[in-house]
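1. Turn this into a model:
(2 chains)
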2 protein chains.
Amino acid sequence: MYEGIKGFRDFYPGEMQARRWAMDTVEGTARRYGFREVGTPALEPTEMYVDKSGEEIVDELYAFTDRGGREVALTPELTPTVARMVVARQQALSKPIKWYSTRPFWRYEEPQQGRFREFYQTNVDIFGSADPAADAEVLAVAAESLTGLGLTGEDFEFRVSHRDILGGLLAAFDAEVDTAAAIRAVDKREKIGAAEYHDLLAEAGLTYDQAAEFDDLLDTPEDDLDELVAFAGTERVEAAVSNLASVLDAAADFGAREYCTLSLDTARGLDYYTGVVFECFDSTGEVSRSVFGGGRYDDLIEGFGGQPTPAVGVAPGYATLSLLCQRAGVWPEETLSTDYYVLRVGDTRPVAARIARQLRDRGHVVETDVAGRSFGAQLDYADSINAETVVIVGERDLEDDAVTVKDMGSGDQVQVPVDDFPGDRERPTYGDFA
Amino acid sequence: MYEGIKGFRDFYPGEMQARRWAMDTVEGTARRYGFREVGTPALEPTEMYVDKSGEEIVDELYAFTDRGGREVALTPELTPTVARMVVARQQALSKPIKWYSTRPFWRYEEPQQGRFREFYQTNVDIFGSADPAADAEVLAVAAESLTGLGLTGEDFEFRVSHRDILGGLLAAFDAEVDTAAAIRAVDKREKIGAAEYHDLLAEAGLTYDQAAEFDDLLDTPEDDLDELVAFAGTERVEAAVSNLASVLDAAADFGAREYCTLSLDTARGLDYYTGVVFECFDSTGEVSRSVFGGGRYDDLIEGFGGQPTPAVGVAPGYATLSLLCQRAGVWPEETLSTDYYVLRVGDTRPVAARIARQLRDRGHVVETDVAGRSFGAQLDYADSINAETVVIVGERDLEDDAVTVKDMGSGDQVQVPVDDFPGDRERPTYGDFA
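-> Just a heads-up that it's a prediction; the model follows:
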């Protein structure tokens, strides 16, 4: 007996059906906004991540040398791949480019609740627009995906910030600051103690007094953002505050503003973000990890050798999203559903098969006997797959040109002329004949 | 600029849309037959393949040692994984177990037409039935998937055989035959020259005279299968011939018989097949490779440490299937489609966003400006995404409480009261207002 690999999951049908519902909901939302599906490889050159992503990711790669001597890695995220694809066809693609894709990714991290070594995300990205409406559309797709799952503004919030507010404030201190390191520290602020957090800021170049002051600035309420502009006294912070306000304005038009909260310590761990960043959290805090996040990464395409191309995206992940849905009571029951079971007794396969095919032609989920089993065993099986209606095709019934239609909920059944089933009915049930 | 890895493909939206249509068609067919989706990991323990699959596969693995010292491999096929999953929950699962799954697989083979190192399949399997109806249902799902794509009996054929006919005939020769090696030789018969083929049979233990006689036996026509039974004089061949006939009978009831041709040299390369095997081919021969295949593998679950559990499955692959569809002229155009583009001129975003949201609520694909672009640039973009209808929301129009509805096919346009769009129409177009 073999065992699967730690951190990798098998999804049996009930659970898979619930996950497919969640994925269909998110993908359906992205499609209605005009995002187009792309298909992408599971392996990429390792150097793509070594060169461009934060060191944190590189340490977590499933990387190896293939039989042809190539250094390759299982993709830990989609963004570098879609950036590569945009660069490869930059001239031919009309902009904005709006893409989505659902697939697994792989990171060698310690598995814990809501985190696995293989995990599934739907990436939704816009390339070629620096307009705040693009950031807002990404927020709107995320919000509408969640409300499409049955979640409400009581259940989740988007904590929104801007990388240049953080970066601009850090630059305003009289210190040599490693901005990327400081932003990574802010990203961890809620997960680690205050002492460790200030140590990390100190390592990044701030004195402990500066770290404390920086920390206070991060708690500036939404209405007082002008104070940050005044503190920094730079165009950079002024532009960032103004851009953030424009994104939130556009989000209001697009119906997503009500889910957004200003949260300056939302930083996102990845180095490539450049503008607005946001993370989705459980409003109740019961799911403690960030559910998913997104943001603007205007420099990545150029960094990959392409024309300067602004970009913004979001990537709902299903491990944490299912936890949020479960907490909120909107996760579906993980059970099978079946429209019809066509039960065969004796040598009636031609008629049973004809009925099954006609019901399938109408789009229904129809099972029939493929194991040569007894009446009782078939009925038990029909029950185990939650069949709504069982059509019994028995030898003796057929001598009278009849079949029996049984409602599995009530147990009621009725004889029906075989030529009249399904007849011209789209979805015949016991009630049609009783 | 980075390049993707040889044998791995990027699918841009047009091509992806066509592939998604093919996958949806196959999956929809499997679902209507009551197959349930499962989700499975991309990595498995390498030993699972080393122990159980043919040596041919092992040489082609993307295998490596992970950071925790585990020997792991990118899954080259699904069957061992689902066998592992069946064994893990053997008691809890009601039988027959009917599963499907669409995902990529990986093999380090030389890429050629219709063959890539990363390739996508929909696996469809039944566990727990030895009844010929199970083999026939798998054939029926395969056939209905192909006819669902628009293919007909003129386009494809299923070449059907039985492993025990091959194995039983080989056993009937007065020779020490390596059956697996001989069957692999038969599997290659059409791809290699007669001399090489006879050499392989000789390596497997037949004399050259026996190889020639064996070869003649493989050409036995469907009506003369009794001659094979007579030649072998064993229950094994008699049972295999009888089982094959029963499967074809059941396939007749299930509507798949007309696509099946007897073809005794159809062997399938994998060692784990035990009963009926089949491969789908382009009837015209223009696509020369096997499109996909399947068969019965009754010993695998027990070999994986489970209770003896018969099994049968098929796995349509999309690289070859798309070649067949293209050859037959049923592959869709690889272009985007869009129901509406809501064009914004001036400061009209709240109204444009409201209209876009209302159209999306009705399930349509709707894009709107997220790049702050000019009228002309937006109209070009709407054209590039093949928008059917453009709704122009202009500042001056809005002063008269109107928007303009433009049919992109004809270029005709009409002014419509803003409060009347979309109104209570499900899919308003130019024709509704002209």
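2. From chain B, how far out is residue A:169?
-> Residue A:169 sits 28 Å away from chain B, going by Cβ to the nearest Cβ, to the nearest Å. The way it works is simple: take the backbone N, C-alpha and C, and place the C-beta from them, glycine included.
3. Excluding residues flanking it in the chain, which one is nearest the residue in the stretch 151-300 of chain A positioned nearest to chain B?
-> Distance from chain B to each residue of the stretch 151-300 of chain A (Cβ to the nearest Cβ) is smallest for residue A:253, at 4.2 Å. Distances taken as Cβ to Cβ, 6 or more residues apart in numbering or on different chains place residue B:353 nearest to residue A:253, at 4.2 Å, with adjacent residues excluded.
4. pLDDT averaged over the helix or strand containing that neighbour, what's the number?
-> Assigned by DSSP states H and E, residue B:353 belongs to helix B:349-361. Averaging pLDDT along helix B:349-361 gives 97.
5. So is the following helix or strand past that helix next to chain A?
-> Using DSSP H and E, the helix or strand that directly follows helix B:349-361 along the chain is strand B:366-368. Yes. Looking at strand B:366-368 against chain A by Cβ under 8 Å from any Cβ of the partner chain, the contacts come from B:366-367.
6. for strand B:366-368, packing partners?
-> Contact partners of strand B:366-368 among helices and strands, from 3 or more Cβ pairs under 8 Å, 6 or more residues apart in numbering or on different chains; DSSP states H and E: strand B:338-345, helix B:349-361.
7. residues from the stretch 101-250 of chain A in reach of chain B?
-> Near chain B, when you scan the stretch 101-250 of chain A using Cβ under 8 Å from any Cβ, you find A:104, A:106, A:108, A:118, A:126, A:128-131, A:133-134, A:136-137, A:144, A:250.
8. Which one of those is nearest to residue A:434?
-> residue A:144 (42.3 Å; Cβ to Cβ).
9. was I right about the closest one contacting residue A:255?
-> Yes. Under the criterion of Cβ atoms under 8 Å, residue A:144 makes contact with residue A:255 at 7.4 Å.
10. Give me the more crowded residue out of these two.
-> residue A:144 (24 against 18; other Cβ atoms under 10 Å in any protein chain shown).
11. In the one helix or strand that one maps to, which residues are buried?
-> In the assignment (DSSP H and E), residue A:144 maps to helix A:132-148. Across helix A:132-148, burial judged by 16 or more other Cβ atoms under 10 Å in any protein chain shown covers A:132-147.
12. What is the nearest of these to residue A:100?
-> residue A:141 (8.5 Å).
13. Run a quick check on the closest one versus residue A:31, I expect a contact.
-> No. Under the criterion of Cβ under 8 Å, residue A:141 is not in contact with residue A:31, lying 9.9 Å apart.
14. mind giving me the domain ranges of chain A?
-> If you go by automatic domain parsing, the domain ranges for chain A are A:13-328, A:338-432.
15. quick revisit: so for the residues of the stretch 101-250 of chain A next to chain B, which is the shakiest by pLDDT?
-> Among those, residue A:108 has the weakest pLDDT, 94.
16. How about the contacts made by that one?
-> A:60-62, A:117, B:66-68 (Cβ atoms under 8 Å, 6 or more residues apart in numbering or on different chains).
17. Just the buried ones among those, please.
-> A:60-62, A:117, B:66.
18. Quick check: the gap between residue A:23 and chain B.
-> 10 Å.
19. Is it correct that that residue is in contact with residue A:102?
-> Yes. In this structure, residue A:23 is within contact of residue A:102 by Cβ under 8 Å, at 5.4 Å.
20. shared neighbours of the two, anything?
-> With Cβ under 8 Å, 6+ apart, residue A:23 and residue A:102 have common neighbours A:120, A:122.
21. Can you report how many residues lie near residue A:192?
-> 13.
22. Over to residue A:47?
-> Neighbours of residue A:47 (other Cβ under 10 Å): 12.
23. on that earlier part again, enumerate the positions of the helix holding residue B:353 that are buried.
-> B:349, B:351-357, B:359-360.
24. Report the angle between that helix and strand B:338-345.
-> Interaxial angle, helix B:349-361 versus strand B:338-345 (axes from the mean of the first three to the mean of the last three Cα atoms, to 10 degrees): 170 degrees.
25. I'd assumed residue A:98 was in a helix, is it?
-> No. The assignment for residue A:98 (DSSP: H, G, I helix; E, B strand; the rest coil) gives strand, which keeps it out of a helix.
26. Look up how far chain B lies from it.
-> 7 Å.
27. OK, contacts around the closest residue to chain B within the stretch 201-350 of chain A?
-> Minimum separation of the stretch 201-350 of chain A from chain B (Cβ to the nearest Cβ) falls at residue A:305, amounting to 3.5 Å. Contact analysis of residue A:305 by Cβ under 8 Å, 6+ apart lists A:87, B:1-2.
28. Repeat that for residue A:22.
-> A:149, A:318, A:321-322, A:325.
29. rewinding a little: what's the closest of the buried ones among the contacts of residue A:108 to residue A:294?
-> residue A:60 (19.9 Å).
30. which non-adjacent residue is nearest that closest one?
-> residue A:107 (4.3 Å).
31. just checking, the one you found touches residue A:76?
-> Yes. Counting by Cβ under 8 Å, residue A:76 is a contact partner of residue A:107 at 4.8 Å.
32. and the angle from the one helix or strand residue A:18 maps to to helix A:132-148?
-> In the assignment (DSSP H and E), residue A:18 maps to helix A:13-32. Relative orientation of helix A:13-32 versus helix A:132-148 (the same axes, to 10 degrees): 150 degrees.
33. quick one, phi psi at residue A:388?
-> With angles defined as degrees, to the nearest 10, residue A:388 sits at phi -80, psi -50.
34. For burial, what's the neighbour tally of it?
-> Applying other Cβ under 10 Å, I find that residue A:388 has 18 neighbouring residues.
35. who are the neighbours in contact with it?
-> A:337-340, A:407-409, A:429 are the contacts of residue A:388 under Cβ under 8 Å, 6+ apart.
36. again, only this time at 7 Å
-> A:338-339, A:408 (Cβ atoms under 7 Å, 6 or more residues apart in numbering or on different chains).
37. pLDDT score for it?
-> At residue A:388, the pLDDT recorded in the model is 97.
38. circling back to that earlier point, quick one: distance of the following helix or strand past the helix holding residue A:18 to the chain centre.
-> Next helix or strand after helix A:13-32 toward the C-terminus (DSSP H and E): strand A:36-37. Relative to its parent chain, strand A:36-37 has a centroid offset of 15 Å by Cα atoms, centre = their mean, to the nearest Å.
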